[in-house]
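**Student:** pasting the sequence and the predicted model now:
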2 protein chains.
Amino acid sequence: MTRSLGGLLFRGVHSLTSIPAGRTQLGHLASGAAVRTVMTLPSFLSPKPRDFSLPNSSWGSEMLRLHEHYNSQCEGENEEGEKDGGEKDGGEKDGGFWLRLPSYNRSLKYATGGVYLSKIVQANARLFTRNIREQGAGFEYVVFVNKKEKKCVGIFQAGHLLEGPPGCVHGGAIATMIDTVTGTHASVVSRPVMTANLNINYRSPIPLGNTVLIESSLDSREGRKMFISCKVTSADGSKLHTEATALFLSVNFSHLLKGG
Amino acid sequence: MTRSLGGLLFRGVHSLTSIPAGRTQLGHLASGAAVRTVMTLPSFLSPKPRDFSLPNSSWGSEMLRLHEHYNSQCEGENEEGEKDGGEKDGGEKDGGFWLRLPSYNRSLKYATGGVYLSKIVQANARLFTRNIREQGAGFEYVVFVNKKEKKCVGIFQAGHLLEGPPGCVHGGAIATMIDTVTGTHASVVSRPVMTANLNINYRSPIPLGNTVLIESSLDSREGRKMFISCKVTSADGSKLHTEATALFLSVNFSHLLKGG
């Protein structure tokens, strides 16, 4: 069974520290932040949220192939919690295992075990990259992280509602996916982070409907700062679409939860 | 009557050269490109597209105030085509007049007088920034341009579906609006352009629901290159949210129309 981080992704703020609905602790929202215990809602009030990163019928063959490539190299746990990934024929065993990160369309609702923090969360707010429910129409993506190799990959299939140039993906949608993958990467290194800088070079347009690979590398870390670089290529890696560098700052969000 | 450029905005590619539905010519898609005449569809097949940049009931007081501020300084034409803007008490008469740019959720359909160019346009494709029909939920924005002062402004009200950090606008959504306003600006200078670089510094988060002002200035032009800088501030200008520079390349899209 594939293990995934019990994570959620704040975008702009990226966090991997959430607890799935039904659990009782917030955990550390930032390095050194106090653990905060919250009430657990009855299960009928805190249904398991939809994980948007799971394959669906809109995924094309390239998206499925890349997903399978990384998913098959994920560290596994059987139901007793015993790791079984070490026994697999994963091609990157020497480089460490990959973890698939789940992705929801809300943030703090899930981080707090299903409790809305009305002080800061609008009931109708939705994560920008998951705000379209129609499968395949918007951002279809999944992010994998490899902590040992300090790498992240995003697999992104661009839907027809992301148009910029005729027939191609909008530069803002590409920026959004770069921010998402590099920010998720930074959050794995340092818990919640905020985007401080994105510097994006657009080399060649991405046709609508195509699947691309977004590869993120941690270049350096200086105190609260994380410097990350990123490449967006065609699914087979042969064509470079976009290059970027990103700077993230780790932040402490515990104050946001005081009113919860 | 306020005059607007008969324009459409390709994003990533930005163009102000479209012809509203029902007209018969494509016009110059790029400097030096040949004018191409296309068939005009019967009017029932080419309804006037919705201009998403017009005020709607979701616009808050700051959005309406800023819109009125710039709209009142727009160069006007009466129905006989006679300019009347010169007689107005516009505060920026010395700096030239502003033009409000319309904004549609499709690109070439309108550019060609309502004819789909199936070779490059997916029937269901929609401009990324206009892909949500619910008023106020996504990107509410309008762009004004002042050619004499080489300035563009975007007024942007961020809906609840653009969330990144809890309660705040996604960094990718901010990048998208910066690309839109600066790219529109570049397209006014040089017809269709492609985004080559965006370098964005995020200074302070933008709360969901807030209206911000995006001001774009043309720094320099070197051949096909246009260097533009941009600031995103609170509606009253007191708070700096984001700063960016952008590089655009003018491009020739006439080849896209060969199959039309």
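**Tutor:** Arrived safely, thanks for sending.
**Student:** pLDDT wise, what is residue A:251 at?
**Tutor:** If you check residue A:251, the pLDDT there is 87.
**Student:** give me the neighbour count for it.
**Tutor:** Burial measure for residue A:251: 20 neighbouring residues, criterion other C-beta atoms under 10 Å in any protein chain shown. Where you see a C-beta, it was placed from the backbone N, CA and C, and this is true even at glycine.
**Student:** I figured it hits residue A:196, correct?
**Tutor:** No - using C-beta atoms under 8 Å, residue A:251 and residue A:196 do not qualify as a contacting pair, with a distance of 10.1 Å.
**Student:** skip the chain neighbours and tell me the closest residue to residue A:242.
**Tutor:** residue A:232 (3.9 Å; C-beta to C-beta, 6 or more residues apart in numbering or on different chains).
**Student:** ugh, wrong one, I meant residue A:135
**Tutor:** Using C-beta to C-beta, 6+ apart and skipping the chain neighbours, the partner closest in space to residue A:135 is residue A:58 (4.2 Å).
**Student:** how far away is the one you found from residue A:187?
**Tutor:** Shown here: residue A:58 relative to residue A:187, a distance of 27 Å by C-beta to C-beta, to the nearest Å.
**Student:** the two: who's more crowded?
**Tutor:** Regarding residue A:58 and residue A:187, a neighbour count based on other C-beta under 10 Å identifies residue A:187 as having more, with 27 against 14.
**Student:** anything in the strand or helix carrying the more buried one near chain B?
**Tutor:** According to DSSP states H and E, residue A:187 maps onto helix A:171-190. Yes - contact of helix A:171-190 with chain B is found when judged by C-beta under 8 Å from any C-beta of the partner chain, involving A:171-173, A:175-177, A:179-180, A:183.
**Student:** where do the helices sit along the stretch 51-200 of chain A?
**Tutor:** Using DSSP state H, counting those that start in this stretch, the helices assigned to the stretch 51-200 of chain A run over residues A:61-71, A:108-111, A:171-190.
**Student:** need the ones you listed in JSON lines with distance to residue A:164 and mean pLDDT, can you?
**Tutor:** Conversion of the helices of the stretch 51-200 of chain A to JSON lines gives the following (distance: least, C-beta to C-beta, whole Å; pLDDT from 0 to 100):
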{"stretch": "helix A:61-71", "distance to residue A:164": "20", "mean pLDDT": "97"}
{"stretch": "helix A:108-111", "distance to residue A:164": "31", "mean pLDDT": "63"}
{"stretch": "helix A:171-190", "distance to residue A:164": "6", "mean pLDDT": "95"}
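**Student:** quick one, which of the ones you listed is packed in tightest?
**Tutor:** Among the helices of the stretch 51-200 of chain A, the stretch with the highest mean neighbour count (mean count of other C-beta atoms under 10 Å in any protein chain shown) is helix A:171-190, at a mean of 28.
**Student:** and that one with helix B:171-190, angle?
**Tutor:** Here the directions of helix A:171-190 and helix B:171-190 differ by 150 degrees (axes from the mean of the first three to the mean of the last three C-alpha atoms, to 10 degrees).
**Student:** who are the contact partners of residue A:232?
**Tutor:** A:174, A:177-178, A:206, A:212-214, A:240-244 (C-beta atoms under 8 Å, 6 or more residues apart in numbering or on different chains).
**Student:** where does the prediction get shaky in chain A?
**Tutor:** A:1-47, A:76-96, A:107-121, A:253-260 (pLDDT under 70).
**Student:** now the strands for it?
**Tutor:** When secondary structure is read from DSSP state E, chain A shows strands at A:13-14, A:99-101, A:139-146, A:151-158, A:193-202, A:211-222, A:225-234, A:240-250.
**Student:** so the closest residue to residue A:127 other than its chain neighbours versus residue B:158, what's the distance?
**Tutor:** In space, not counting the residues next to it along the chain, residue A:127 is nearest to residue A:105; the distance is 4.9 Å by C-beta to C-beta, 6+ apart. Noted for residue A:105: a distance of 17 Å to residue B:158, by C-beta to C-beta.
**Student:** who's more crowded, those two?
**Tutor:** Each of residue A:105 and residue B:158 had its neighbours counted (other C-beta under 10 Å), and the higher figure belongs to residue B:158 (26 against 21).
**Student:** bridged to that one, which residues?
**Tutor:** Taking DSSP bridges, one finds residue B:139 as the beta-bridge partners of residue B:158.
**Student:** that one is in contact with residue B:205, isn't it?
**Tutor:** No - with contact defined as C-beta under 8 Å, residue B:158 and residue B:205 do not form a contacting pair (10.7 Å).
**Student:** anything in contact with each of the two?
**Tutor:** Overlap between the neighbourhoods of residue B:158 and residue B:205 consists of residue B:169, taking contacts as C-beta under 8 Å, 6+ apart.
**Student:** would CSV of the strands of chain A with distance to residue A:50 be doable?
**Tutor:** Shown next, in CSV, are the strands of chain A (distance: least, C-beta to C-beta, whole Å):
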stretch, distance to residue A:50
strand A:13-14, 20
strand A:99-101, 15
strand A:139-146, 13
strand A:151-158, 17
strand A:193-202, 25
strand A:211-222, 21
strand A:225-234, 26
strand A:240-250, 27
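**Student:** most tightly packed of those strands?
**Tutor:** Burial among those, expressed as mean neighbours by mean count of other C-beta under 10 Å, is greatest for strand A:13-14, which shows a mean of 28.
**Student:** gap between residue A:241 and residue B:63?
**Tutor:** For residue A:241, the distance to residue B:63 (C-beta to C-beta) stands at 34 Å.
**Student:** scratch that, residue A:227
**Tutor:** Taking C-beta to C-beta as the measure, residue A:227 and residue B:63 are separated by 37 Å.
**Student:** what's the first-to-last distance across stretch A:234-252?
**Tutor:** Stretch A:234-252 has an end-to-end distance of 36 Å (criterion: C-alpha to C-alpha, to the nearest Å).
**Student:** for residue A:142, which residues are in contact?
**Tutor:** Contacts of residue A:142 by C-beta under 8 Å, 6+ apart are A:53-54, A:67, A:100-101, A:103, A:154-155.
**Student:** among these, which pair sits farthest apart?
**Tutor:** Of all pairs drawn from the contacts of residue A:142, the one with the largest separation by C-beta to C-beta is A:54 and A:154; the distance is 14.9 Å.
**Student:** how about the residue nearest to residue A:127, what does it touch?
**Tutor:** Remark: with contacts taken as C-beta under 8 Å, 6+ apart, residue A:105 is in contact with A:49-50, A:52, A:126-127, A:130-131.
**Student:** would you list the contacts of residue A:142 in a markdown table and tack on distance to chain B?
**Tutor:** Output for the contacts of residue A:142, formatted as a markdown table (distance: C-beta to the nearest C-beta, whole Å):
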| residue | distance to chain B |
| --- | --- |
| A:53 | 17 |
| A:54 | 21 |
| A:67 | 22 |
| A:100 | 21 |
| A:101 | 16 |
| A:103 | 13 |
| A:154 | 13 |
| A:155 | 17 |
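**Student:** which one among those gets closest to residue A:165?
**Tutor:** The nearest member of the contacts of residue A:142 to residue A:165, counting by C-beta to C-beta, is residue A:154 at 21.5 Å.
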